[in-house]
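Novice: One predicted model, sequence on top.
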Number of protein chains: 2
Amino acid sequence: MTAPTQPSRQAFFEQWQDVLAPTAVGYRLRILSQLMGRRFQDQLEPFGLTPFHWVVLCCLWKEDGLPTSTICDRLQQVGGTLTGVLDRMEERGLVRRERDSRDRRVWRVYLTPQGAELMEVLPPRVRAVKEQALAGMSAPERANLSDLLDRAIANLS
Amino acid sequence: MTAPTQPSRQAFFEQWQDVLAPTAVGYRLRILSQLMGRRFQDQLEPFGLTPFHWVVLCCLWKEDGLPTSTICDRLQQVGGTLTGVLDRMEERGLVRRERDSRDRRVWRVYLTPQGAELMEVLPPRVRAVKEQALAGMSAPERANLSDLLDRAIANLS
DNA sequence: GTCTATTATTTAGCATTCGTAACAACTGCT
DNA sequence: AGCAGTTGTTACGAATGCTAAATAATAGAC
């Protein structure tokens, strides 16, 4: 009941602020992803790796010999995409694919010595990026962030 | 001093857990981005839009006639990338570019009526995705998440 | 045992994103 | 006018990311 002429635009924006404004979660998530991705890239690029390669390596360091489909699940990726990434990693000699002897439909992915070797140099670099991103956050705050991200992921899975 | 033979691998993993494990922040951020991106895509695809288009529209809804460079800053994008996106949006009749009369180097981007029209149908759809992602989180928790993301962005900017 | 349906993965093709480097247009200063 | 710096585009290459179709192998029904 204040300004009758041109209030609609402003009012509208406020009504949908939670999705329209630069403060919207999706918006920030996007920007943070972009920023972190670029930092990771800077760290990984000297080794000819992309962030995608990094997370695949993480999966395999934790548990070697995973089937392609499991990696897809863990990274929320579609098969076709992962095939391409694994191809490039295989070309670079970081992983090798081997048929499962029990169920010969599945291909298991193993780290090569060359891939395992990266474990010696990459983690410190990645931690540096992480530390920069989380600088100034207390341990409880970090735990909190992790928990909230986790719940969001669970909500969408 | 416990198991001398094969402890190194396990010990190593624990030492670098904060960056290697699926609980690592970068890892989760990546997955959540992926998941939300896909949901957004599902919502936007009927209109021939990508999430990228959406955030550009958000910028312009908030403040029409921004210079290209400002949009780049806000979205943490590089000029070359944005040009391509704006080209496609222009082709689809959502925006138009116009030279700034003062400084004729800068191109200002304006919403077309057709672009503004989308404001009527898109926000509810986007909110639905957001609500699904944040389901089960209280208002303080949401504020917390937003704040933490914001601080991380600031750390990397 | 053969047939059929299902599962795992790859292939092929397409659009988008993302970055770099070179270029053109324009400004403001001298 | 001439020059350095800024804005934006172009051109190129590589990587993501999806879909749909093809291939290979298994499992279950009969």
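Specialist: Noted; the coordinates are in hand. Residues are numbered from 1 along each chain as shown, chains lettered A, B, ... in the order given.
Novice: When you work out contacts or count neighbours from here on, use the C-alpha atoms and nothing else.
Specialist: Will do.
Novice: Stretch A:128-138: which residues count as buried?
Specialist: Across stretch A:128-138, burial judged by 16 or more other C-alpha atoms under 10 Å in any protein chain shown covers A:129-130, A:133-134.
Novice: cool, and stretch A:145-157?
Specialist: Residues of stretch A:145-157 classed as buried under the neighbour-count rule (16+ other C-alpha under 10 Å) are A:145-146, A:148-153, A:156.
Novice: Pretty sure A:L66 sits against A:R108.
Specialist: Yes. Counting by C-alpha atoms under 8 Å, A:R108 is a contact partner of A:L66 at 5.2 Å.
Novice: contacting residues around A:R97?
Specialist: Residues in contact with A:R97, defined by C-alpha atoms under 8 Å, 6 or more residues apart in numbering or on different chains, are A:90, A:107-110.
Novice: Run through chain A and note the low-pLDDT ranges.
Specialist: Confidence mapping of chain A against pLDDT under 70 gives the ranges A:1-7.
Novice: for DNA strand D, what are the nearby residues on it?
Specialist: With the criterion set to C-alpha under 7 Å from any atom of the strand, chain A comes near DNA strand D through A:50-53, A:77-81, A:84-85, A:102-105.
Novice: what's around A:K62, how many residues?
Specialist: By the criterion of other C-alpha atoms under 10 Å in any protein chain shown, A:K62 has 17 neighbours.
Novice: what's the closest of the buried residues of stretch A:145-157 to DNA strand D?
Specialist: A:L156 (12.9 Å; C-alpha to the nearest atom of the strand).
Novice: Which residue is the nearest non-sequential neighbour of the closest one?
Specialist: Nearest non-adjacent residue to A:L156, counting by C-alpha to C-alpha, 6 or more residues apart in numbering or on different chains: B:A133, 5.9 Å away.
Novice: so A:V109, which of the three states?
Specialist: The three-state label for A:V109, taken from DSSP: H, G, I helix; E, B strand; the rest coil, comes out as strand.
Novice: and it, how far is that from DNA strand C?
Specialist: 8 Å (C-alpha to the nearest atom of the strand, to the nearest Å).
Novice: One more: A:I153?
Specialist: 19 Å.
Novice: just checking, that residue touches B:L32?
Specialist: Yes. A:I153 sits in contact with B:L32 when judged by C-alpha under 8 Å, with a separation of 5.5 Å.
Novice: For chain A, which segments are assigned as helices?
Specialist: Ranges of helices within chain A are A:7-15, A:17-20, A:25-44, A:51-62, A:68-75, A:79-91, A:113-117, A:122-133, A:139-156, based on DSSP state H.
Novice: For the second one, output the C-alpha coordinates as CSV.
Specialist: C-alpha atoms of helix A:17-20 as CSV (Å, rounded to 0.1, in the frame of the first residue of the first chain):
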residue,chain,number,x,y,z
GLN,A,17,15.0,-13.6,-3.4
ASP,A,18,15.9,-17.0,-2.2
VAL,A,19,16.4,-18.2,-5.7
LEU,A,20,17.0,-15.0,-7.7
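Novice: picking up where we left off before, any chance of the buried residues of stretch A:128-138 in TSV, plus distance to A:Q41?
Specialist: Supplementary listing: the buried residues of stretch A:128-138 in TSV, determined by distance: C-alpha to C-alpha, whole Å:
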residue	distance to A:Q41
A:V129	10
A:K130	13
A:A133	14
A:L134	18
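Novice: who's A:W107 bridged to?
Specialist: Going by DSSP bridges, A:W107 is paired in beta bridges with A:R99.
Novice: Check whether stretch A:53-60 comes near chain B.
Specialist: Yes. For stretch A:53-60, a contact with chain B is found by C-alpha under 8 Å from any C-alpha of the partner chain, at A:55, A:58-59.
Novice: whoops, I mixed them up, stretch A:20-31
Specialist: Yes. Using C-alpha under 8 Å from any C-alpha, stretch A:20-31 reaches chain B at A:20-31.
Novice: who's in contact with A:Y27?
Specialist: A:Y27 is in contact with B:V55, counting by C-alpha under 8 Å, 6+ apart.
Novice: I meant to write A:Q41 there.
Specialist: With contact taken as C-alpha under 8 Å, 6+ apart, A:Q41 is in contact with A:49-51.
Novice: so how far is chain B from it?
Specialist: Using C-alpha to the nearest C-alpha, to the nearest Å, one gets 12 Å for the distance from A:Q41 to chain B.
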